[in-house]
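Engineer: Here is a sequence together with a model predicted from it:
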Amino acid sequence: MSEILMALAAGLVVGVLFSLLRLPIPAPPVLSGVMGIVGVYLGAMGYHWLVARFFS
């Protein structure tokens, strides 16, 4: 749980700094980009699950 909170805090700090420097945010600004990142994560987790379940 602390990893999640630290990641959230780091993201908030980066978001504030980028806004102060008037730079574009370093993340996808739309839901489809965020869902793409979630899909990559779930695909990687699914691969590791399949390998552990069927090939070890």
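Structural biologist: Good, I have the coordinates. Numbering: from 1, shown residues only.
Engineer: what pLDDT does Ser2 get?
Structural biologist: Looking at Ser2, its pLDDT is 88.
Engineer: Okay, it and Leu8: tell me how far apart.
Structural biologist: To Leu8, Ser2 is 11 Å away according to C-beta to C-beta, to the nearest Å. To be clear about C-beta, it is placed using only N, CA and C from the backbone, and glycine gets the same treatment.
Engineer: what about these two, which has more around it?
Structural biologist: Taking neighbours as other C-beta atoms under 10 Å, Ser2 and Leu8 compare with Leu8 leading, 10 against 6.
Engineer: mind checking the SS state of that one?
Structural biologist: Counting by DSSP: H, G, I helix; E, B strand; the rest coil, the backbone at Leu8 sits in helix.
Engineer: What of Leu12?
Structural biologist: With three-state DSSP as the basis, Leu12 sits in helix.
Engineer: Now do it: how many residues are near it, please.
Structural biologist: Using other C-beta under 10 Å as the criterion, the residues surrounding Leu12 number 10.
Engineer: Please enumerate the helices of this structure.
Structural biologist: 2-20, 31-54 (DSSP state H).
Engineer: Next, the contact list for the spatially most central residue of the chain, please.
Structural biologist: Nearest to the mean C-alpha position of the chain, by C-alpha atoms, centre = their mean, lies Ile37 at 6.0 Å. Going by C-beta atoms under 8 Å, 6 or more residues apart in numbering, Ile37 touches Pro28.
Engineer: From Ala27, how far out is it?
Structural biologist: Per C-beta to C-beta, Ile37 is found 8 Å from Ala27.
Engineer: again, but for Val51
Structural biologist: Using C-beta to C-beta, one gets 30 Å for the distance from Val51 to Ala27.
Engineer: What values do phi and psi take at Pro29?
Structural biologist: Note on Pro29: its backbone torsions stand at phi -80, psi 0 [degrees, to the nearest 10].
Engineer: what about it, how many neighbours?
Structural biologist: 9.
Engineer: With the one 3 residues further on instead?
Structural biologist: Ser32 sits with 8 neighbouring residues when counted by other C-beta under 10 Å.
Engineer: who's in contact with the nearest residue to Gly36 once chain neighbours are set aside?
Structural biologist: Nearest residue to Gly36, sequence neighbours excluded (C-beta to C-beta, 6 or more residues apart in numbering): Pro28, at 7.0 Å. Contacts were defined as C-beta under 8 Å, 6+ apart; by that measure Pro28 touches 34, 36-37.
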